[in-house]
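Sequence plus predicted model, see below.
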2 protein chains.
Amino acid sequence: MAVTIIDVAREANVSPSTVSRVIADHPRISEKTKKKVREVMESMHYYPNFQARNLAARTTQTIGVVMANSATLAFQNPFFPEVIRGISTTAHACQLGLYLSTGGTEEEIFQEVVAMVQGRKVDGVILLYSRVDDKTLNYLREMQFPFTIVGRPYDFENQIDFVDNDNQQIAKDVVNYLVDLGHREIAFIGGDVHFVVSADRLEGYRAALEDHQLSYQEKYFIQDYAFEQDGKEAIRQLMAEEQPPTAIVAHDDSVAYEIIRYLEQLEIRVPEDVSIISFNNHALSEHVKPPLTSVDINIFELGIQATELLLKRIKQPEREASHQFVDTTLIVRDSCQSLNPR
Amino acid sequence: MAVTIIDVAREANVSPSTVSRVIADHPRISEKTKKKVREVMESMHYYPNFQARNLAARTTQTIGVVMANSATLAFQNPFFPEVIRGISTTAHACQLGLYLSTGGTEEEIFQEVVAMVQGRKVDGVILLYSRVDDKTLNYLREMQFPFTIVGRPYDFENQIDFVDNDNQQIAKDVVNYLVDLGHREIAFIGGDVHFVVSADRLEGYRAALEDHQLSYQEKYFIQDYAFEQDGKEAIRQLMAEEQPPTAIVAHDDSVAYEIIRYLEQLEIRVPEDVSIISFNNHALSEHVKPPLTSVDINIFELGIQATELLLKRIKQPEREASHQFVDTTLIVRDSCQSLNPR
DNA sequence: AAGTATTATGCAAGCGCTTGCACAAAATTC
DNA sequence: GAATTTTGTGCAAGCGCTTGCATAATACTT
């Protein structure tokens, strides 16, 4: 088999423990010995076996990355690639590996996380989603296993490490932006409210309306499943209201474009007849017609921060829980129109 | 610490090896003993330590997934999420974990792969890219370590397991499609030719032109870096040719949309004035204006097949190298126009 | 009833590494 | 120059599990 620490030790006339200490650059080993051992390691092409090392040292040097479920991957473009890029960046800098969940259902994912934790596959976990009342999250919390969430936890906000955008605030900002442009009838096409991100944005939308003495109205709110089931019909109905909205907030750019397409089929123009604004600022939104006004949520940074937070927690298991909000940017393009008189 | 096999053994009045065999469902253990041991495991909340198990069994139950580099993640939407979804599906079904590369440069990635292989972190590797003359690939090949590529290898095609689309053929198909519509002046906006996928598509484009007695012309070919540097200018020049192209083939939908935007700025309409066709069929391409004619390359399936192929190789290290081409579909939408007389 | 085959379990030697402790040698102190 | 401290290395006991081989117990032959 491969050359082990013992082979090196024999060849270098030292004990295995010395070799181990040379690898760890232990200060108590003389430079002379270190040099000698390193030369032998080199010449024998020694490479440490991380499995063995980690078993002995009771660590994994790996963090688990858990996505809501692999099936939704495609829909949350570009979230996944970007957040992975952020996580990778920090993880690589700290020589940590990434272990990815693969499950397709909530239960499968839960089982996987249990395997990661109890099976000693990872030193900590990053949850890439925050769902209301999530079994996996509760498990992690009860086990007191190091983890962070990309997203605000529904419960125990002060006992859990997380990073997120301030989704309530950005939803407010978006509504405020529209109101400033003179809009009063503002519709909201939401995401799955079982995800906290969607619930928060909806809440921000409501709160902002209230701030402006505009009442929240059922007819201006389309739920995710209604839209997914028959988006075209949902939009048709929305625009057929006696007082149709003059602006629509969509929870994601891809939804926004889908809406725009249906509007077009109804011969309603964007932004001339109705304004559209959305979240997540896909890369394509810059190039596509009409260029979409969208909130850039800085996914890359979310990944970075989540990983850094996790590392702190791993190093200091007893530290206070903390969280961080990552800044967003409203990217104004051409999908919203002012109704204000010149 | 956590409960081990030894604790269970003691409690159940059997030896550790028996417990181990119960876990493995070894046929030589009586049902009675199995039942007893399982009850004890249950009541003690035993959970196997995979680290230890894998060390002893000389396996990892993990496959390494290596991306070209994390920085490009964003640009290759939706490739990464979709291929991961495919890989996950197969991996999960076989109880395999996924270990993701994190490196940002070729050299970092190479080092990571060495660590995966020599450090016994994975049982096999999936390369999510195929680059010309790739150090990592050569290493894997020379080490005879199990691996597959999503993409055609540049060299040693018959000695390496891989899955891919038949990119030369689909590029030909695309050109043929345009020619059938009456186009003769067909431009090609390529990807980085250091990646085999781009080289293959370019090759298919050239070959198809030849098949139709249309000569390949420099002026109709824009290289990736030219486009990235100043796409707008590149397109301007292209369309300012004495005989501008009537159709443009773009190597990715996102590039196609970027082109369309520049064309629009030049007051050139798609598809009325120039047709556009591209590869990869992003999810958005269905909704966005103009709906793009694009080749769906079935990324999900590429992920599935690559994983299955890798598993075969892991199980049978000595088997013949094999490869598989995954079918593609030309999704005809509204970005190409026929020049043929009615 | 003795011999053979089969089934069920245990023993013990790993897998390759880390690390607390002991201890010898060298350096420092007074 | 003896006593003390510092430095450098080795010993051996793990980490928690697997597995080839031996052996005990039981079942099957004739």
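Here it is on my side, so go on. Residues are numbered from 1 along each chain as shown, chains lettered A, B, ... in the order given.

Quick check, residue A:6 in contact with residue A:16.
Yes - Residue A:6 is in contact with residue A:16 according to C-beta atoms under 8 Å; the separation is 5.3 Å. C-betas here are computed from N, CA, C, even on glycine.

So between these two, which is more surrounded?
residue A:16 (14 against 11; other C-beta atoms under 10 Å in any protein chain shown).

What is the neighbour count of the residue in the stretch 51-200 of chain A that DNA strand D sits nearest to?
With C-beta to the nearest atom of the strand as the measure, residue A:56 is the residue of the stretch 51-200 of chain A nearest to DNA strand D, at 3.5 Å. Around residue A:56 there are 11 other residues, counting by other C-beta under 10 Å.

Alpha carbons of the one helix or strand it maps to, as PDB, please.
Element membership for residue A:56 (DSSP states H and E) is helix A:50-57. In PDB, the C-alpha atoms belonging to helix A:50-57 read as follows (Å, rounded to 0.1, in the frame of the first residue of the first chain):
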ATOM      1  CA  PHE A  50      -6.500  12.300   6.300                       C
ATOM      2  CA  GLN A  51      -8.900   9.600   7.300                       C
ATOM      3  CA  ALA A  52      -6.500   8.200   9.800                       C
ATOM      4  CA  ARG A  53      -5.400  11.600  10.900                       C
ATOM      5  CA  ASN A  54      -8.900  12.900  11.400                       C
ATOM      6  CA  LEU A  55      -9.900   9.800  13.300                       C
ATOM      7  CA  ALA A  56      -7.100  10.100  15.700                       C
ATOM      8  CA  ALA A  57      -7.400  13.900  16.100                       C
END
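
same question for that helix, mean pLDDT?
Mean pLDDT, helix A:50-57: 95.

Would you mark the buried spots in that helix?
A:50-55 (16 or more other C-beta atoms under 10 Å in any protein chain shown).

quick one, that helix and helix B:50-57 angle?
130 degrees (axes from the mean of the first three to the mean of the last three C-alpha atoms, to 10 degrees).

Quickly check: helix A:50-57 near chain B or not.
Yes - shown here: helix A:50-57 in contact with chain B (C-beta under 8 Å from any C-beta of the partner chain) through A:50-52, A:54-55.

Show me which of the residues you listed is closest to residue A:109.
Distance to residue A:109 across the residues of helix A:50-57 next to chain B (C-beta to C-beta) is lowest for residue A:54, with 23.7 Å.

so how many other residues sit close to the nearest residue to the closest one once chain neighbours are set aside?
In this structure, residue A:54 finds its nearest non-sequential neighbour in residue A:60, 5.3 Å apart by C-beta to C-beta, 6 or more residues apart in numbering or on different chains. A total of 23 residues lie near residue A:60 under the criterion other C-beta under 10 Å.

For residue A:60, give its distance to residue B:11.
28 Å (C-beta to C-beta, to the nearest Å).

Double-check that the residue nearest to residue A:54 belongs to a strand.
No - in this structure, residue A:60 is coil, not part of a strand, as judged by DSSP: H, G, I helix; E, B strand; the rest coil.

any weak-confidence spans in the stretch 1-150 of chain A?
A:1, A:74-75 (pLDDT under 70).

Now do the strands in it.
For the stretch 1-150 of chain A, the strands defined by DSSP state E, counting those that start in this stretch cover A:62-66, A:97-100, A:124-127, A:147-150.

The third one and chain B, are they touching?
No - contact of strand A:124-127 with chain B is not found when judged by C-beta under 8 Å from any C-beta; the minimum separation is 12.2 Å.

Give the partner strands of that strand in its sheet and their orientations.
According to DSSP bridges, strand A:124-127 has the following sheet partners: strand A:62-66 (parallel), strand A:147-150 (parallel).

got JSON lines for those, with distance to DNA strand C and mean neighbour count too?
As requested, these are exported to JSON lines (distance: least, C-beta to the nearest atom of the strand, whole Å; neighbours: other C-beta atoms under 10 Å in any protein chain shown):
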{"stretch": "strand A:62-66", "distance to DNA strand C": "15", "mean neighbour count": "26"}
{"stretch": "strand A:147-150", "distance to DNA strand C": "23", "mean neighbour count": "28"}
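
TSV for those, including distance to residue A:41?
Below are those laid out as TSV (distance: least, C-beta to C-beta, whole Å):
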stretch	distance to residue A:41
strand A:62-66	24
strand A:147-150	36
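
what's the distance between the residue located most distally from the centre of chain A and residue A:19?
No residue in chain A sits farther from the centre than residue A:13, which is 51.0 Å out by C-alpha atoms, centre = their mean. Going from residue A:13 to residue A:19 by C-beta to C-beta gives 11 Å.

try residue A:194
53 Å.

how is chain A carved up into domains?
Residue ranges for the domains of chain A, per automatic domain parsing: A:5-48, A:62-165+A:299-327, A:167-296.

Residue B:174 is nearest to which of these?
Residue B:174 sits nearest to domain A:167-296 of all the domains of chain A, at 20.8 Å, using C-beta to C-beta.

what's the straight distance from one end of that closest one to the other?
End-to-end span of domain A:167-296 (C-alpha to C-alpha, to the nearest Å): 12 Å.

Is any residue of that domain near chain B?
Yes - against chain B, domain A:167-296 shows contacts by C-beta under 8 Å from any C-beta at A:254, A:257-258, A:260-261, A:264, A:282-284, A:287-289.

quick one: residue A:178 and residue A:336 touch, right?
Yes - contact criterion C-beta under 8 Å: residue A:178 and residue A:336 qualify, at 6.9 Å.

So those two - more neighbours on which side?
Neighbours per residue, other C-beta under 10 Å: of residue A:178 and residue A:336, the larger number sits with residue A:178, 27 against 23.

which residues in the stretch 151-300 of chain A form strands?
A:162-164, A:186-189, A:221-222, A:247-250, A:275-279, A:293-296.

for those strands, which one ends up most surrounded?
By mean neighbour count, with neighbours taken as mean count of other C-beta atoms under 10 Å in any protein chain shown, strand A:247-250 ranks first of the strands of the stretch 151-300 of chain A at a mean of 29.

what's the spacing between that strand and its chain's center?
23 Å (C-alpha atoms, centre = their mean, to the nearest Å).

coming back round to it: if I look at the residue of the stretch 51-200 of chain A closest to DNA strand D, how far off is residue A:22?
Applying C-beta to C-beta to residue A:56 and residue A:22 gives a distance of 16 Å.

Identify the contacts common to residue A:178 and residue A:336.
Taking C-beta atoms under 8 Å, 6 or more residues apart in numbering or on different chains as the criterion, residue A:178 and residue A:336 both touch A:247, A:275, A:277.

Can you pull the residues of chain A lying near DNA strand C?
Proximity of chain A to DNA strand C (C-beta under 7 Å from any atom of the strand) is limited to residues A:1-2, A:4-6, A:16-17, A:20-21, A:23-24, A:46, A:48-49, A:52-53, A:55-57.

quick one: buried residues of stretch A:128-143?
Neighbour counts over stretch A:128-143 (16+ other C-beta under 10 Å) mark A:128-131, A:134, A:136-137, A:140-141 as buried.

Could you dump the strands of the stretch 151-300 of chain A into TSV and include distance to DNA strand D?
Output for the strands of the stretch 151-300 of chain A, formatted as TSV (distance: least, C-beta to the nearest atom of the strand, whole Å):
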stretch	distance to DNA strand D
strand A:162-164	30
strand A:186-189	49
strand A:221-222	51
strand A:247-250	49
strand A:275-279	45
strand A:293-296	46
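
So which of those strands is nearest residue B:38?
Of the strands of the stretch 151-300 of chain A, nearest to residue B:38 by C-beta to C-beta is strand A:162-164, at 38.0 Å.

from what I can see residue A:161 touches residue A:311, true?
No - applying C-beta under 8 Å, one finds residue A:161 not in contact with residue A:311, separated by 10.5 Å.

residues making contact with stretch A:256-273?
For stretch A:256-273, the surrounding residues in contact (C-beta under 8 Å, 6+ apart) are A:189, A:231-232, A:235-236, A:239, A:248, A:250, A:274, A:276-278, A:288, A:290, A:292, A:294, A:334-337, B:284, B:287-289.
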